[in-house]
Structures are given as structure tokens and as C-alpha cells.
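Novice: give me the fold of what follows.
(2 chains)
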Amino acid sequence: MEADELLVLVAGGDQKAFEDLYGLISGPVFGLVRRVVRDPAQSEEVTQEVLLELWRSAARFDPRRGSALAWILTVAHRRAVDRVRSARAAGERERREARRARLPAFDQVSEEVEAGLEREWVRRCLDRLTALQRQSVTLAYYDGYTYREVAERLSLPLGTVKTRMRDGLGRLRECLGGAA
Amino acid sequence: MSLVGRLPRRGGLHSLAAPYALDALDGAERDRFERHLRSCDRCAAETRALSEDAVRLAWSTAAPAPAALRDRVLAAVRTTAQEPAPGRGRPARRLPPHVWGGPPTPERSRPLGRRPPLPPFATATAAAALVVASLFAVQADRTRAERDTARDRAREIAHVLAAPDARAAHGEDDGGRGIGVVASASEGRAVVTLSGYREPSGDRVHQLWVMRPGAEARSLGLFEGDTPLVATGLDRSATSLAVTVEPGGGSHRPTSRPVLQLTLESVGFGE
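Specialist: Next up, the predicted model:
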């Protein structure tokens, strides 16, 4: 069964359906959270929160608004970003960040390169973006920086960053196109 | 505000659609943008499309989740109640004004080294579910007032949970009925959840009170089902919380014996 159908069953309190749904989405959710949060223990914690929220509020899913997986990953991403920002604010990550800062953002994607068509495909499409589009998009999405922080890191005006983000997402859509 | 004053700001807000889709707005800007979305259908449609683009970036990140996580999550699910579908919930009830609390205070982060003990399950998940509810406020099929209320409440809850001195307490009777509290003495706030209680019959309600030595019980608000109640303005001298069943709309002082009481000592109060 697909995530969308399972989620409807989950909304009705079906625990078995939740187990199946867990099998489908735990990898994507955990991977995304870990990509943003980095710290393994915190990533687990955020993933657990997200999955429990999903159980609690499955009834809020509206299939007319998009796929279940997209909905779940959107929730997970926001949670991950919120967590990484409070961690940063607490200054706990600064030293590790400083070490990573020497690498361009996009190279970080390759840290976790594994086989997988989708992974390869996203990478190829990211390659088609201009450098500034790619950095603007990935610093925000994968590293959890606000567009203001991205502008600062790339020494660009705020307006330019907003435009690069929009154009970058547009190109990504063209490239990844009908695969949703 | 004059129209002239608003126009440039709207244009400025509109350009935030892509950063919003990438979760690249800070909390205040995110809230402002979400408010804007509610009054701008075109922006909402565009933002939705951009969000769909952004989520494609997650395709490249999947990684197997640790096996222990599965056990924890599935065990948790077996004991966690679900929210009713939107629209089928009870109509919003008018609560005393102080239940809504003051304006949101700036977010504070929790030091990583020292985490507060895990809050009781029901409380933690109910609070988390509300946060998600607010997250999807734009899409959810609710009135604006309900969305505002849910979002304010979610913010309050998140704030209490994030306080450096947030601590949890939980009490349960033999019948599995319980009360969960996450409280921050420095903030003077607490998130309180009832679990396992049936709604009182008729028009009656569960009302939450705070007790202080030598003072009358003060109302902290009325419960709506298992929705967490955010209590603000708690004095450090508060010794316990109590829940009574009261006539619809609540009472000025308790008119019946508490159905349950929880001491606040373990969460940093009762000085």
C-alpha cells in the first residue's frame, strides 16, 4: 500500500497501518532530519517527535493538497530546521561548524552518497543550477540557514538571495519534473 | 494603518515565498508570512507549488532509521491518543482571558548538555501535535480565529517546553486517568494535560485551579477534551494544581471537591 492510503487508515487509529507506514517513511524522515540536524542523538529525537505527531494528527492530512510523503517530509524538515537553529543559537555546534565551513555547501551532499536513483537524480539536477542558486537553496534546505544568514555567508544582498532561491527551485522543478 | 503604508510591505512579503518554502525564514518572519498567506490566495497557491519543489530536495537524503527507534515509536503509538479530524472537533469555548497568555516572548534555546527530564507522554505528544496543527494552519480547514488560537497556544506550549528549567510531573490514578504537567518556574508557566477523563456530562466542564498557601484557589482555565491548557502567571509559591468539575463556563471559585490534585514541588514551585 502507498503512504497516502496508509495514512488514511492511520487517521482511523489503525496501528498496523502505522507500522507499515513507518516502514515506508522512517528512512526518508530520519535521513532528512539527520541531514539537517547532523547530531545522531538529536536526529533520533526529532524523528521520534515527528513520527508521533504524525500518529496524533494523521487526520489533518488532506490528500487534495499533495502526497502524504511530501506532507510528512515538510513537517519533518521544519522540525529539523527549528532544532538545528536552537542548537546553533546555543552555540554548541560552533566549533564543528567552523571545521565544515571550509567546504562548499554542495559538497556536503556527497557525504552520504549511496546508490539510489532518486539521490543521483537530485544531485544531477542540483548540478544544473548556477553556483549561487545551488548554494542559496542547499544552505537553506540542507543546512537550515535563514535567507538572511545565507546572504551573509555568500556576501550577497538579501534580494539576490531570495531571487536565487526562487529561480533555483524553479530549475529544480523543471529538471525533476514529472517525478512527483 | 494606511494603504500607502501597507503596499510596499506586501510586495516585500511576497518575495518571501521561496525562502518560506525552504524553511529559511526566522520565526517572526514566518508568522508574518503565514498571516499574509491567509489573505492572499494567489500567494498561497504559489507558495504551495514552491514547497512541493523544495520537498524534492529531501529525496536525496533518505537513510535507514536506527532499529531501536522503531520500537520506541511503535510502543509510544500504542499508548498515545489521536486528535479528531478537523471539523469534527468540539466548537471553541470561550475561556478566561488569562488562559491565552500575553504576547509571545522571544524564543529561547535549551542548552544541549542539560535536558530536562522527559515530559509525561500524553503531554509531550499532545503538545507536539498542536505544534503541527499550527504548522499546517494555512492548509487546515478552520476559521481564522481558530487558527490564531491554535497557533498562539502552540507558541505558548513550545515556549514552556523550551525553557531551560522546564520540568515534568505526572500523576495517574488506578483507572488510568491522569494529569501531566510541564512547567517552568522561571517563566511562571505550565502546560497541563488531562488524559483518560471523559468529558463531564451535560454542560459541565473540567476547570483547572492553582493553590497557594493562605490564598484562595485561582482559576487557570477550562479544559477542552485532551487539548493541553497553558497556564501563565504562576507564582513560585504555588503548591499544587487541582481539577474540579464545574458548571458550563466555569466558576469563580471551586464549587466541588477536586477530582484530582497534583503537587508542584517536583517541577520547581512551592517555595
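
Novice: any low-confidence regions in chain A?
Specialist: Across chain A, the ranges flagged by pLDDT under 70 are A:92-116, A:178-180.

Novice: could you list the domains of it?
Specialist: By the record's domain assignment, chain A is partitioned as A:1-99, A:103-180 (automatic domain parsing).

Novice: tell me the most buried of the ones you listed?
Specialist: Comparing the domains of chain A by mean neighbour count (mean count of other Cβ atoms under 10 Å in any protein chain shown), domain A:1-99 ranks first with a mean of 20. For glycine as for every other residue, the C-beta is placed from the backbone atoms N, C-alpha and C.

Novice: ok now that one, how far from the chain's centre?
Specialist: Distance of domain A:1-99 from its chain centroid, counting by Cα atoms, centre = their mean, to the nearest Å, is 9 Å.

Novice: the domains of chain A: which one's closest to B:Gly27?
Specialist: Closest of the domains of chain A to B:Gly27 is domain A:1-99, at 8.4 Å (criterion: Cβ to Cβ).

Novice: any idea which element the residue lying closest to B:Arg56 once chain neighbours are set aside lies in?
Specialist: Excluding the flanking residues, the one nearest B:Arg56 by Cβ to Cβ, 6 or more residues apart in numbering or on different chains is A:Leu176, at 5.0 Å. If you go by DSSP states H and E, A:Leu176 is part of helix A:158-176.

Novice: look up phi and psi at B:Arg167.
Specialist: Taking degrees, to the nearest 10, you get phi -140, psi 160 for the backbone angles of B:Arg167.

Novice: show the pLDDT at it.
Specialist: pLDDT for B:Arg167: 74.

Novice: which residues does it bridge with?
Specialist: Beta-bridge partners for B:Arg167, by DSSP bridges, are B:Ala183.

Novice: for the stretch 151-271 of chain B, give me the ranges with low pLDDT.
Specialist: Counting by pLDDT under 70, the stretch 151-271 of chain B has low-confidence residues at B:151-155, B:158, B:162, B:164, B:173-175, B:226, B:271.

Novice: show me where it has its strands.
Specialist: Along the stretch 151-271 of chain B, the stretches classed as strands by DSSP state E, counting those that start in this stretch are B:167-172, B:178-184, B:189-195, B:205-211, B:218-222, B:229-231, B:240-246, B:260-263.

Novice: okay, these in a markdown table with mean neighbour count next?
Specialist: What follows is the strands of the stretch 151-271 of chain B, written out as a markdown table (neighbours: other Cβ atoms under 10 Å in any protein chain shown):
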| stretch | mean neighbour count |
| --- | --- |
| strand B:167-172 | 18 |
| strand B:178-184 | 25 |
| strand B:189-195 | 24 |
| strand B:205-211 | 23 |
| strand B:218-222 | 22 |
| strand B:229-231 | 25 |
| strand B:240-246 | 22 |
| strand B:260-263 | 17 |
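
Novice: measure B:His252 to B:Trp209 for me?
Specialist: Noted for B:His252: a distance of 11 Å to B:Trp209, by Cβ to Cβ, to the nearest Å.

Novice: overlap of the contact sets of the two?
Specialist: Applying Cβ atoms under 8 Å, 6 or more residues apart in numbering or on different chains, one finds that B:His252 and B:Trp209 are jointly contacted by B:Ser219.

Novice: for B:His170, find the nearest of the domains of chain A.
Specialist: Of all those, domain A:1-99 sits nearest to B:His170, with 16.7 Å by Cβ to Cβ.

Novice: thought A:Arg60 was touching B:Glu83?
Specialist: Yes: using Cβ atoms under 8 Å, A:Arg60 is in contact with B:Glu83, at 7.4 Å.
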